[in-house]
Each structure stands twice: as structure tokens, then as C-alpha cells.
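Enquirer: Give me a 3D structure for the following:
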Amino acid sequence: MSYLAGGRLNVGLVQEQARKRLLCLLEKCDGPKAIIWDQSLAGPIGLVAKYNLLEEYGVVKMYPLYGGTLTIPPNISNVIFISRPQLELMDLIAENVHGEEGKRPRKEFHLFFVPRKSLLCQKKLQNRGVFGSFTLIEEFKCDLFPFDNDLLSMELSGSFKEFHLENDPTCLYQVAQAIQGLQKLYGKISKVTGRGPAASKVWELLERLNREEEDNKSLPVSGSVAIEHLLLLDRSVDLLSPLVTQLTYEGLIDEIYGIKYNTVQLPARKFHDSDDSPTSMSLNDKEQIILNSGEELFAEIRDKNFNGVGPVLSKKAKVISSQFDERHGDKSVQEIKQFVARLPHMLATKQSLARHTTIAEMIKEVTDSSNFLESLQVEQELLNCIDTDKPNAYIEDMIAQQQPLLKVLRLLCIQSLTNSGLKPKLLDYYKREIIHTYGFQHLPTILNLEKAGLLKQQQSVRQYAVLRKALRLTVEDESEIAPKDISYVHSIYAPLSVRLAEQLVQLNGWQGLNDVMGLLPGPTISSVPYNVSSSVRRNSITSEDSSSEPPKLILVFFIGGCTFAEISALRFLSQQEDLNVEFVVGTTRLINGDTFLTSLMEDLERT
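Expert: Predicted coordinates:
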């Protein structure tokens, strides 16, 4: 996992710490073990400890957590439940434990809560009569999972809905704890900026945790603090960016196939020659492909606009071809030795190139389709404020053709946000059409979207139109192959969230945005402790001597989720020498437009 240590911040430390904690818990359970995972945790914990490592610590079997009776081999003496502290999961665990009662040989049950115990959950287990069946009830303190050398995610699926729709701040306490955990590893962060109600609440909680830690003297006071600046961004400040189609290579893989915990599942037959025993490979067979910066080629193309990927792949193909051609002709023994030494790397590169060429071809089939291009054109017209205040013919057609509701809602929310709300008559018309076509069971979903501010009635102030001009949210004629602006990640649209990060590192920071900040929801946080006032001048990143200083490290933490396109845009800014800044991304979850809207939908299972 050395790729985690490849950035300015050694993210490998997060992985190492979590792994040690997990293995330490496993060592407390003597004998052969079966782990039963809360299904939302198996993937993320795989980023911390692989199955072969768990095997070394006595784990013989792993099962997903379902209700009903377990079928665990008699040779296993320990059954370990690893679960988020959620009440509905306690019911499933109780069913499992009850199902084992009276069986011989008796098993020991253990429960590890991630990341913290919950009194309510323990009470639930008592009510179900199984609390006393557990030998150990422990905490596996792992708030953040390491995805890459500049990316950490908490993988909390419902944080946006919980806070903004249900007024439940639990997830914000977890965010504050996660940031506090980073400070324990890398030193205290001296400067905090943020925007939005959730950001404000997290900062309040973080300040309280900092005070407690200062009293206990448990925060490391290192001479060189790794993270100098924390930017807290509440997703509600920028609801539009997750909905816009991502047009980077990694973003499109996620849009079309869905990336989960650094892996994507694609049809296996696409990656094998047709004469590779096709009978043994069914149409449903999937190839699991790992996507992280440990793979040289993927690291090079992941953040590029998809139109810029083809030229890179063809250039690589020529280089590889010429390298293999070197084996022909007269060679000295020394030259043959050098060639043989290079061969493993060359073969790995060739394999990587073949894999990504196949993925790019699969994506191209989708992006060349009339469906994709029409939808993208409508989206870009809305982003440019063209005809946003009247019924959109394309959306009407989609409803008439009963296209997937998610697709309809995504474009409809884009229209609502770019028009700063819809006229009451138009909003009612759309709602009527959707209910009539897709059914009454979707009314709660529409109400959720309204409560979240994704669908709303028009207000007198046209926020989007003003922000679009002031922050250059749409940029025409930008080169996608050699971009000079972050808008390349959506071809014409610059994510507002990343524009805020970009403005923050300018000489006058957010003060240059005083005229428009009032259009964004929630308060602004700006905190520079007195003891670091001497370094404030250095914090104006574009100062004259900035080039001689190491780049400043800023942690951008998205509360409510962020997209791969936003991450690519931040990486693009990290590469701009004139800014002399590097961004590391933390998020409650990695999202795209579909997963973001799905988290707000009700009764989706019944549709």
C-alpha cells in the first residue's frame, strides 16, 4: 500500500493506525474466528486490512450481516460482529445470536462498534435479550478510511440527509472527531476557514474537542505542522456541482459503472480475448478492477478530461511498442541483462495500457450515444442560463418516455438550481407530471428534494446568475486537453466548491468575495489563533517569495460528500506553481449525482 505514502501528507499513517487497532481487537478473541460485517463496512475496512492479513490473525470465515440464523462451521469458536452503531442493525445481530442459542459447541460472541459505542444500541441489545451473550463489546475507532495519498473518506452514507433534513447532528460530531484524529497524527491545524451551517457546527464541536485535548495535553505539538489550513465546506453551499455530469476519466467511470472503495466491476468478457474459453465465462461475470495512484498510468489519466485520455493512451502504446522492439537486433550481454531487468515493469505497463484502453472504449460507446450527448447539451444550456424559466422539452420527453426517475430528477434539480428556483406554476406542473407518470409513492422523495433546497420556488434574488458571473462558474472555449482552468472537469462548468478553495488561496482570500458570499447559505468561519499571527503573512500564498517556500498544505473537508470531478479540480490547482499550495481532500462520502439523490429518495426499493 506504499501509494498511500506518496503525497505531501503520509496518509499511510491513517491506514497503519486503523490496522493496528483492528488487529489488537482481534487478538483479544482467542481461537478461530468468523467476522460478520455490517455491509456498509466490509469495503471500507478492506482499505485498512486485506483478507490475507485477517487470516493470519485467525479469521477463517467472513459473512455479510443478514437477519435469520447463521450457518457457522463447528470449528469456529469466536463470532465477531463488526457494525456501525445503528438500531436496525442491532435487530439483525440479535436474530443471529438467538439463532445460535442451544447449539453445540458453544460460541463466544463479540461486537465491535465502528467508530464508537452507542448507549441506545446497547439498550436495544438488552431489550432483545442478547446483551449478556457478548463476551466483548469494544470500539474499533476508525473514522476515516484511506482511499489515496491525498484522499480520505468517512463513508457515511446518509450524512447530508441526517443533518439537513432530519436535524440530526450526530454525523457532524463524527466529522469533528475524525479531524481531531488527524490532528493527533499530524499536529494541530492552526487555521480554519469554512462556510455553511454544517461547517459552522463542526467547527464549534472541533473547538470544544481541542479545548479538552489541550487540558489533557494529548495533541502533539510538533515544530512543523503537516496541515496548515482546514477548509470546511458544507455540501448545502454548493448543491449544483454533484448533479452536473463528471467528464474526467475517473468521474465518467463512476458515473457509468460506479466506483466503490477504489474498485469498479466491469464485464469480464471485455478484458479477455474471445478465444479465452468463452463458454466458461458467462455474460454476468465481472472483472474487479482496482483504481488508485499505485498504478502509474491510472494516476496519469484519472484527472484528465475524457477527451484528453485518448492521446495519452496512444502515445504510451507507441513508447511500449518501441521498448519491446529493442529486444531485436544484436545485443551485448550487459544490454540483455538491462532489458530483462526492465521487463517486469514493461509487461505491467503493457497490461495496464490494455486495461485502460478497453475501459476508455467502453466509456466512449456511452459518451458517443445520442442519449448521453442530448442530455449533456441540455445540462450545459441550463448551466449557461438558457431557457431555465420555462418547461424544458427534453425533461418533458423523458417523463413521457418513463425514463429512469433518477435521471429526470437530476436534470430537474439542475434546472431549479440554475434558475434560482422555479415559478410556482412550473414547479407544480413538473410535480404533477412526475406523480402521474411514476406514482404517488414518490411524493415523499419530491418533498425531501424541496426540503433540501434542490427543488424550490423562485426567489426575488437570482443567486446562481450572480454567482455565475462573479465566480466564473461557466467558462467557454476552454481547452480540455491542455486546460488552464478547473472548468475542464465538466467541460464548461467550474464547481463552485472548488472556486471557493481557489479564491481562498489568493492574496485577499475570501475578502475578495464579500459582495457575493451573502448569497451562499449559512455563516462563514474564519479562525486564526493568536499564537500563529506571526505566520499569517506567509499564509498569503501568492506572496513574492512563495516559490522558495514548500507548498502550503490545505485539508479541504466536504461535509455531505464530494465527487471525483471536484477532487480532480483540486488536484489541478495543486499542480499550479503560481499558487504554491497542495490540497488534501477529506469527505463524509464519495458521491456522484445519482448516489447523492438516491440518499434523499424514499421507497426507492419499491419502484
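Enquirer: Please pull out the lowest mean pLDDT helix or strand from the protein.
Expert: Least confident helix or strand of the chain, by mean pLDDT, DSSP states H and E, is helix 536-539 with a mean of 40.
Enquirer: right, and the helix or strand after that helix?
Expert: Heading C-terminal from helix 536-539, the first helix or strand you meet, by DSSP states H and E, is strand 552-559.
Enquirer: Okay, now the sheet partners of that following strand, with direction.
Expert: Here strand 552-559 is paired, per DSSP bridges, with strand 229-234 (parallel), strand 581-587 (parallel).
Enquirer: Show the average pLDDT along the last one.
Expert: This points to strand 581-587. When pLDDT is averaged over strand 581-587, the result is 98.
Enquirer: if we can go back for a sec, I'd like to know which of the strands paired with strand 552-559 is closest to C142.
Expert: Closest to C142 of these is strand 581-587 (Cβ to Cβ; 14.0 Å). C-betas here are computed from N, CA, C, even on glycine.
Enquirer: quick one: F324 and M346 touch, right?
Expert: Yes: with contacts counted by Cβ atoms under 8 Å, F324 reaches M346, the gap being 6.8 Å.
Enquirer: Quick check: neighbours shared by these two?
Expert: Residues touching both F324 and M346 (Cβ atoms under 8 Å, 6 or more residues apart in numbering): none.
Enquirer: Show me which residues of the strand or helix carrying E204 are buried.
Expert: Assigned by DSSP H and E, E204 belongs to helix 197-216. For helix 197-216, burial by neighbour count (16 or more other Cβ atoms under 10 Å) applies to 197-203, 205-206, 209-210.
Enquirer: same deal with stretch 312-322?
Expert: For stretch 312-322, a neighbour-count test (16+ other Cβ under 10 Å) marks 312-313, 316, 320 as buried.
Enquirer: Equivalent analysis for stretch 27-38, please.
Expert: In stretch 27-38, counting by 16+ other Cβ under 10 Å, buried: 29, 33-38.
Enquirer: cool, stretch 300-314 as well?
Expert: Quick answer for stretch 300-314 (16+ other Cβ under 10 Å): 300-306, 308-310, 312-313.
Enquirer: Using PDB, write down the CA coordinates of stretch 375-393.
Expert: Provided in PDB are the C-alpha atoms of stretch 375-393 (Å, rounded to 0.1, in the frame of the first residue of the first chain):
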ATOM      1  CA  SER A 375     -28.700  15.100 -22.000                       C
ATOM      2  CA  LEU A 376     -25.300  16.800 -21.800                       C
ATOM      3  CA  GLN A 377     -26.300  19.500 -24.200                       C
ATOM      4  CA  VAL A 378     -29.500  20.300 -22.100                       C
ATOM      5  CA  GLU A 379     -27.400  20.300 -18.900                       C
ATOM      6  CA  GLN A 380     -24.900  22.800 -20.400                       C
ATOM      7  CA  GLU A 381     -27.700  25.000 -21.700                       C
ATOM      8  CA  LEU A 382     -29.200  25.100 -18.200                       C
ATOM      9  CA  LEU A 383     -25.700  25.900 -16.700                       C
ATOM     10  CA  ASN A 384     -25.500  28.800 -19.100                       C
ATOM     11  CA  CYS A 385     -28.900  30.100 -18.000                       C
ATOM     12  CA  ILE A 386     -30.600  29.400 -21.400                       C
ATOM     13  CA  ASP A 387     -34.400  28.900 -21.100                       C
ATOM     14  CA  THR A 388     -34.200  27.900 -17.400                       C
ATOM     15  CA  ASP A 389     -37.500  29.500 -16.500                       C
ATOM     16  CA  LYS A 390     -39.900  27.500 -18.700                       C
ATOM     17  CA  PRO A 391     -40.900  23.900 -19.200                       C
ATOM     18  CA  ASN A 392     -37.900  22.000 -20.600                       C
ATOM     19  CA  ALA A 393     -38.900  19.900 -23.700                       C
END
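Enquirer: what residues does it touch?
Expert: The contact list for stretch 375-393 (Cβ under 8 Å, 6+ apart) reads 244-245, 394-395, 407, 411, 414-415, 418-419, 422-423, 426, 429-430, 458, 464-465, 468, 473-474, 491-493.
Enquirer: And the average pLDDT for it is what?
Expert: Averaged across stretch 375-393, pLDDT comes to 97.
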